[in-house]
Each structure stands twice: as C-alpha cells, then as structure tokens.
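**Q** requesting a structural model of the entry that follows:
(one chain, ligands or ions: 1)
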Amino acid sequence: MEKRLFLSTPTMHGEEMRFIEEAFDKNWIAPLGFNCDNFEKEMGEFLYNGKTTTHCLALNSGTSALHLAVKLAGVKQGDIVLCSDMTFSATVNPVVYEGGVPVFIDSEKDSWNMDPVALEKAFQKYPQAKVVMLAHLYGTPAKMDEILEICNRHNAILIEDAAEALSAKYKGTECGTFGKYSAISFNGNKIITTSGGGMLLTEDKTARDKAFFWATQSREPYPWYEHKEIGYNYRMSNVVAGIGRGQLLHLEEHRQRKTEIYNRYKKGFEGCPVTMNPYLEDTVPNFWLSCILLDENVKISPIEIMEKLNEHNIETRPLWKPMHMQPVFKNNDFITADGNAVNEDLFARGLCLPSDIKMTPDEQQTVIDLIKSLL
Ligand SMILES: *Cc1c(COP(=O)(O)O)cnc(C)c1O
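**A** Residues are numbered from 1 along each chain as shown. Presented below is the predicted three-dimensional model:
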C-alpha cells in the first residue's frame, strides 16, 4: 500500500467548517455557546424514539461523560461496580476516580459483550452491588433485555458506555438510551468525531443539569465565584461542537459505509478458518470496527498477522485486552459464567481490521487477500 490503511480515522465533509466559521464570525470561541446548545439539541433529536426525551450534555471527552455518570449513580469509596471486562480502560477508570471497585464480568460468545449469566452470578456474590457499567463492544449492541431485567431485579443502576455504539440499535432502540446514564464519545477514531469530545445522555433533566454544574467547576449562582462542591472543567468548546454538528449530518452515511465494509470482509473470508465479530438477531450494529476471530486450529497468531500486514502499511490491532488481564487491575475480581474465560480466548484469537470509511473496495480486497495468504 502506498498510503497507510488505518483502523478508523476522521472523515470530514465540509459542513463542519461552516459551523466553525460561524463560531469565528461571532467571535464565540469560548466554551459553551450556540454550537454546544444546538449539538445537544440535534443529538437529542437523533436519539428521540417518539416517547422519551434524552437530555444531552456536550463534554470534552467520553471519559468525562462516564465520570459524571459514575458520580450521578452515586458511586462512593469502596462501592463494588460490575463492569464490562472486554473494553477500553476508559470504561472503568472513572469508577476508580470515585473510589469504586470494579468487578469484571466476562463476555458471551454471541455479541462479545457482558454475559448476563456471569452478571447474575456476580450479583449472587456481591448482592450489595448497586451499579453496572456496560460497554457495547465495537458498536455491537449487548443483550439488553437480559441485562436490564437483571439490573431491575437487583435494583441496580445501569450506566451505558455507548462510546463506540452511537447509531447502533437494539430491537429498534438506539444505543445510548438504555442506561439511566449513558455516554458517547467523539474521539478521533469514533464513528463521528469532534477531534475530541463526548456527551452524557440521560432522560433525567435534573441529573443532566447537575452534571452541567459539576462540568463547569460547580459554580454556585452568586455574583462572585462561590463553591460548595468540587467541580471539573469538562465542557465541550463551542468551536469543536461545530465539528460535531457537521458530523452528525453524516452519521447514518458513516454507519452504512461501515456496514458495507463489514459485509465485504464477511463475504471475502467465506470458506476461510475465521469468523467475523458476531451480532445478535434484531440488532443493527454500527460496525465501528470489523474484527476477525481465527479458528482454533489456525497456526499463525493475530500478532504475527498484525506484523505481516504492517509491512504492507496496513494497520490492524488485537482486540481490547480484557481488564482482568491488565496489571493495574490485577487485584480486582473477575466473574465468568462457567469458569472458562471467554474474553481470554477472544483476546488470544481476535484481530481488528482496517474499517476506515475512506478505504476503497480495492484496498479492502488487498487486505482480504493478504490475510487469506497467511492463514
Ligand atoms: C473511546 C472510548 C471511551 C472514551 O472516550 P474518549 O472520548 O476517548 O474519552 C470510553 N469507552 C469506550 C468503550 C471507548 O471506546
């Protein structure tokens, strides 16, 4: 490859610049302002299902959104939080910021997300747990009916990390609207980007306003700076919110392009000893990243494939290394359904493939042919 093929990079369209220029023309460069307000409103409209309104808060990262979600859920020093294990560390770090103790839940094989059977087992072991932190891996919806039923039965709050899953649907409902508090990310590699940013999503307007208060340094309504609580500087800037507004116009198109890429891989690898990252019936993933799982009898490892493709200027990467395998979490508990760690197996055999929507079918065919030649 002459130009490098990446997993996922920003794709801009032009409208982004229009919103940015408006911010410059009005000299509205400061955080807060019309682009932030409109971006929140437009995201709320995108997520609206005809029944419940989702209130949005634009922030400087998805991690900030998750941190405020953890605070809203009331996580305190020593509290157990049942967390997705196969995910990016940003899902669980905010639990630790608040002194919570993550207990990691293994994945099922049908969507590679939190296994409801393991989650139920975790509640038996930790009946005091009051918060569940769930991520939808690579834009593939988790088993929401089962997980919500378990959370409700145990009176636990669900926080939904939909950072990778914006525009993915579970039985017709948008990811990001299942959690009492949910988070999305607009980091550079996500399905739409603001260069960096995120949003907190909740049906609870009071909670949204409380999070706004924390995100703007917990400033009390006094003429001077009066503080009764610790605050944060987490708001999104009015300039980058303009990028987000332009990107949101193209979200569905991005999802369609990602879907085509996934389907091309799926077809390309027919008859090969690999399977694609699976998804549930009745769900529409956004296919943020396409991944393969090597069959058990394949001799070459994902790392070796990664190194070989890198020689051809093609980026691939192992799946997220499970949290329970991370040195920083070596003392945290990990719960499986039946003693076999699905995530360790997925990590050993999985590989994320170039899923950039600017990749041409010919370029993708080169990736497919190269991988096939290595199997
Ligand atoms: C990207 C990501 C985040 C963090 O979002 P940032 O905007 O980068 O802070 C959190 N969770 C998951 C699963 C992610 O992929």
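
**Q** residue farthest from the centroid of this structure?
**A** Pro223 (39.1 Å; Cα atoms, centre = their mean).

**Q** in three-state terms, label it for me.
**A** Following DSSP: H, G, I helix; E, B strand; the rest coil, the label given to Pro223 is coil.

**Q** from the contact counts, what lies against the lengthiest helix in the chain?
**A** If you go by DSSP state H, the chain has its longest helix at helix 251-268. On a contact count with 3 or more Cβ pairs under 8 Å, 6 or more residues apart in numbering; DSSP states H and E, helix 251-268 meets strand 274-276, helix 361-374. C-beta: built from backbone N, CA, C; applies to glycine.

**Q** in stretch 27-39, which residues are buried?
**A** Across stretch 27-39, burial judged by 16 or more other Cβ atoms under 10 Å covers Trp28, Pro31, Leu32, Gly33, Phe34, Asn35, Cys36, Asn38, Phe39.

**Q** before we move on, what about stretch 227-246?
**A** Quick answer for stretch 227-246 (16+ other Cβ under 10 Å): 232, 234-246.

**Q** dump those to TSV, plus distance to Glu108.
**A** Listed next are the buried residues of stretch 227-246 as TSV, based on distance: Cβ to Cβ, whole Å:
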residue	distance to Glu108
Tyr232	35
Tyr234	33
Arg235	37
Met236	35
Ser237	39
Asn238	42
Val239	42
Val240	36
Ala241	37
Gly242	40
Ile243	36
Gly244	33
Arg245	37
Gly246	37
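
**Q** what does the residue farthest from the centre of the chain show for phi and psi?
**A** Dihedral pair for Pro223: phi -70, psi -30, per degrees, to the nearest 10.

**Q** host element of whichever residue of the stretch 251-375 of the chain sits closest to the ligand?
**A** The ligand sits closest to Trp320 of the stretch 251-375 of the chain, with a gap of 7.8 Å, by Cβ to the nearest ligand atom. Assigned by DSSP states H and E, Trp320 belongs to neither a helix nor a strand.

**Q** can you pull the contacts of it?
**A** Counting by Cβ atoms under 8 Å, 6 or more residues apart in numbering, Trp320 makes contact with Met86, Thr87, Phe88, Leu137, Phe347.

**Q** the residue in the chain that the ligand sits nearest to - how many residues pack around it?
**A** Nearest to the ligand in the chain, going by Cβ to the nearest ligand atom, is Gly62, at a distance of 2.6 Å. Neighbour count for Gly62, taken as other Cβ atoms under 10 Å: 27.

**Q** for the nearest residue to it once chain neighbours are set aside, what are its contacts?
**A** Distances taken as Cβ to Cβ, 6 or more residues apart in numbering put Ser185 closest to Gly62, at 2.8 Å, once the chain neighbours are dropped. Contacts for Ser185 were tallied using Cβ under 8 Å, 6+ apart; they are Ser61, Gly62, Thr63, Ala65, Ala90, Ala163, Glu164, Gly197, Gly198.

**Q** the third one belongs to a helix, doesn't it?
**A** Yes: assigned with three-state DSSP, Thr63 falls within a helix.

**Q** quick revisit: need the buried residues of stretch 27-39 in CSV (columns: distance to the ligand).
**A** CSV is the format used below for these (distance: Cβ to the nearest ligand atom, whole Å):
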residue, distance to the ligand
Trp28, 23
Pro31, 16
Leu32, 19
Gly33, 20
Phe34, 22
Asn35, 18
Cys36, 16
Asn38, 20
Phe39, 15
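
**Q** among the residues you listed, which pair sits farthest apart?
**A** Farthest-apart pair in these is Pro31 and Asn38; separation 14.5 Å (Cβ to Cβ).

**Q** I'd like the distance from stretch 102-116 to the chain centre, please.
**A** 15 Å (Cα atoms, centre = their mean, to the nearest Å).

**Q** give me the buried stretch members for that stretch, please.
**A** Across stretch 102-116, burial judged by 16+ other Cβ under 10 Å covers 102-108, 111-116.

**Q** sorry, back to before: so the residue nearest to Gly62 bridges to which residues?
**A** Gly198 (DSSP bridges).

**Q** in the stretch 1-150 of the chain, which spans are helices?
**A** 15-25, 34-47, 62-72, 93-97, 116-125, 144-153 (DSSP state H, counting those that start in this stretch).

**Q** actually the stretch 201-350 of the chain, sorry about that
**A** 205-215, 238-248, 251-268, 302-311, 342-349.

**Q** per-residue pLDDT, the nearest residue to Gly268 once chain neighbours are set aside?
**A** Spatially, and ignoring its direct neighbours in sequence, Gly268 is nearest to Ile368 (3.7 Å; Cβ to Cβ, 6+ apart). pLDDT recorded at Ile368 is 98.

**Q** count of neighbours near Ile368?
**A** A count of nearby residues for Ile368, using other Cβ under 10 Å, gives 16.

**Q** what does Thr173 give?
**A** 15.

**Q** going forward, begin numbering at 467 instead of 1
**A** Sounds good: first residue 467 from here, last item Thr639.
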